[in-house]
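K.L.:
Compute the structure for the input listed below.
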Amino acid sequence: MQTSFSSGLRILSEILASPIAQFSNDIMRTKTVPPGFAFANTILLYKNGDPTSVTNHRPISLLSTLCKVLTKVFTRRLRNTIEERLTLPPEQAGFGKNFSTVDHMHALSTVAEKCHEFNIQLCAAFVDFKKAFDCVELPMLWQPLESFGVDPNMIKTVQLLYANSSAAVRVGNQLAKFELQRGVRQGDSMSPSLCTIVLRYALNSIDWRGKSLKLGTKTLSYLVYADDIVLLAHNHEDLESMTEMLYLAAAQMGLQINFIRNENEVDEAG
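P.N.:
Below is the predicted model:
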C-alpha cells in the first residue's frame, strides 16, 4: 500500500518528529533554506495527443522526502487558517473538509430541476483554466495569503521555499536545470491549496451583482471545486459578461481561461 511518505520516515516517526520540527522552526526563525533543499527533479508524464508536443505532458516535481514533509505541515496550517476564518464560502467545495465533486453535482442538478419546475431560464458556462498550476504569478501569491489571515512567518517561509526553488528536466540524454520564476509545483502537497487561494482571491474581487442566478431569495453566481468553475446566469448576455469579468480577474493572478475547451460548454434549461 502506498503512503504519503517513505516507509523509513514512517517507521522512525517518533524518533524523527522532534528533529524535523526543529528543522522547520529553524527555517522559519533564520529565514534561510539549505542549498538544494527545494530542488525538484521534474519528469514529464504523457497525457494525450501528439507525444512530441510538450503541451501534452504533465510536469511532476519529485521533491526530497523532507521537503514534502514540511510542505505537508504547511498545507495543514493553511487549511486550518482558512477553515477557522471561514474565508471560503459554500460555493467553493475544493478546500474544506468533507466536500467532494458530488456536492456540487447535486447542487447543480437541484438548481436545474428548480429552474425547470418554475420555468426559469438557466445558462451555465463550465470554465477550465489552462495549466493553472504552471501559470500562477508568484508575486501575486503573497497578497491573497496575507488577506486571508495566514501567519506572516509562514508566508515568509513559503516565499523562501519558492525563492530558492530550482528544478531540472531530462530531455533525451540532456539534463536542463532552471530556476522557478512562476507557477506552483506539480507534486507538491501545498500547491493545490495555494492555487485555490489565488483563485478565491480573484473571485472575491469581482462584483457579480445584477448578473447572477436568482432563485427565490437566494442568489448564486458560481460553483467552484478547486480550480474548476461553473458560472450561472439567467441569459447569455449576463453569462458572457461574467465570463469576461472572471477572465480579467484571473489574468491579474496569471491564470488563463482555456477557451478552446470551454467554447461549447454552455447549457440552457427552463
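
K.L.:
where does the stretch 51-200 of the chain dip in pLDDT?
P.N.:
In the predicted model, the stretch 51-200 of the chain carries pLDDT under 70 at residues 85-101.

K.L.:
what about the helices in it?
P.N.:
For the stretch 51-200 of the chain, the helices defined by DSSP state H, counting those that start in this stretch occupy 65-85, 101-117, 132-135, 142-147, 152-163, 191-204.

K.L.:
got the angle for the first one vs helix 191-204?
P.N.:
Just to be clear, that refers to helix 65-85. 30 degrees (axes from the mean of the first three to the mean of the last three CA atoms, to 10 degrees).

K.L.:
Now do the buried residues in helix 65-85.
P.N.:
Neighbour counts over helix 65-85 (16 or more other CB atoms under 10 Å) mark 66-71, 73-75, 78, 81-82 as buried. Every C-beta, even on glycine, is put in place using the N, C-alpha and C of the backbone.

K.L.:
Distance from that helix to the middle of the chain?
P.N.:
On the basis of CA atoms, centre = their mean, to the nearest Å, helix 65-85 sits 14 Å off its chain's mean C-alpha point.

K.L.:
again with the fifth one
P.N.:
Relative to its parent chain, helix 152-163 has a centroid offset of 17 Å by CA atoms, centre = their mean.

K.L.:
So which residues make contact with it?
P.N.:
27-28, 31-33, 38, 67, 71, 74, 77-78, 138, 142, 145-146, 180, 190, 194 (CB atoms under 8 Å, 6 or more residues apart in numbering).

K.L.:
name the helices or strands packed onto the longest strand along the chain?
P.N.:
Longest strand in the chain, counting residues (DSSP state E): strand 39-46. Judged by 3 or more CB pairs under 8 Å, 6 or more residues apart in numbering; DSSP states H and E, strand 39-46 is in contact with strand 57-62, strand 166-171.

K.L.:
And the contacts of helix 152-163, which of them are buried?
P.N.:
27, 33, 38, 67, 71, 74, 78, 138, 145, 180, 190, 194.

K.L.:
Now do the strand or helix carrying the first one against helix 65-85, angle only.
P.N.:
This means residue 27. Using DSSP states H and E, residue 27 falls within helix 13-30. Interaxial angle of helix 13-30 relative to helix 65-85 (the same axes, to 10 degrees): 70 degrees.

K.L.:
what's the spacing between helix 13-30 and its chain's center?
P.N.:
Worked out by CA atoms, centre = their mean, helix 13-30 lies 27 Å from the chain centre.

K.L.:
tell me the mean pLDDT over it?
P.N.:
Averaged across helix 13-30, the pLDDT comes to 81.

K.L.:
before we move on, what about stretch 210-220?
P.N.:
Averaged over stretch 210-220, pLDDT sits at 85.

K.L.:
Taking the centroid of this structure, which residue is nearest it?
P.N.:
Central residue of the chain (CA atoms, centre = their mean): residue 195, 2.6 Å from the mean position.

K.L.:
List the contacts of it.
P.N.:
Neighbours of residue 195 in contact, by CB under 8 Å, 6+ apart: 132-133, 136, 184, 226-227.

K.L.:
ok, now how distant is it from residue 171?
P.N.:
For residue 195, the distance to residue 171 equals 26 Å [CB to CB, to the nearest Å].

K.L.:
Ok, residue 249 next?
P.N.:
For residue 249, the distance to residue 171 - CB to CB - is 36 Å.
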